[in-house]
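Engineer: Okay, structure incoming, though there's no sequence with it:
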């Protein structure tokens, strides 16, 4: 959202915008415009820093061979046993009756093995 453009369009319509947080500064005055631009620059800077930190964290995780996101609920051995049971004809709903397992998890494991 471009605050400066919004304030300018309101001013063109004859509406003056005062910011009470900054002591009632009229945002259409020279000091008000400077305030808007400084705050906008700081907000843009913070957004860029957030993106840079996120990308650095993802690169570090990939370098450490870590999978980004939530850990898998089924371990490698559990996935393998589920796939073997599915291959022998067991139904997804029967496998999902085990504790901490769901049809979605079983289906996801089966789908990922096909990819």
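Structural biologist: Thanks, I have the structure now. Worth saying up front: this structure is predicted, and the values here are computed from it rather than measured. Residues are numbered from 1 along each chain as shown.
Engineer: In terms of residue numbering, what are the domains of this protein?
Structural biologist: Recorded structural domains for the chain (assignment: automatic domain parsing) are 3-63, 76-114.
Engineer: Which of the ones you listed comes out lowest on mean pLDDT?
Structural biologist: Taking each of the domains of the chain in turn, the lowest mean pLDDT turns up on domain 76-114, with a mean of 75.
Engineer: For that one, buried residues please.
Structural biologist: Applying a neighbour-count criterion of 16 or more other Cβ atoms under 10 Å, one finds 78, 79, 82, 83, 86, 92, 95, 101, 105, 106, 109, 110 buried in domain 76-114. The way it works is simple: take the backbone N, C-alpha and C, and place the C-beta from them, glycine included.
Engineer: still on that earlier bit, could the domains of the chain go into TSV alongside distance to residue 69?
Structural biologist: Output for the domains of the chain, formatted as TSV (distance: least, Cβ to Cβ, whole Å):
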stretch	distance to residue 69
domain 3-63	10
domain 76-114	13
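Engineer: now for those, which one comes closest to residue 70?
Structural biologist: Proximity to residue 70 (Cβ to Cβ) singles out domain 76-114 among the domains of the chain, at 12.0 Å.
Engineer: sorry, back to before: out of the buried residues of domain 76-114, give me the two with the largest separation.
Structural biologist: Farthest pair in those (Cβ to Cβ) is 78 and 92. Separation: 14.6 Å.
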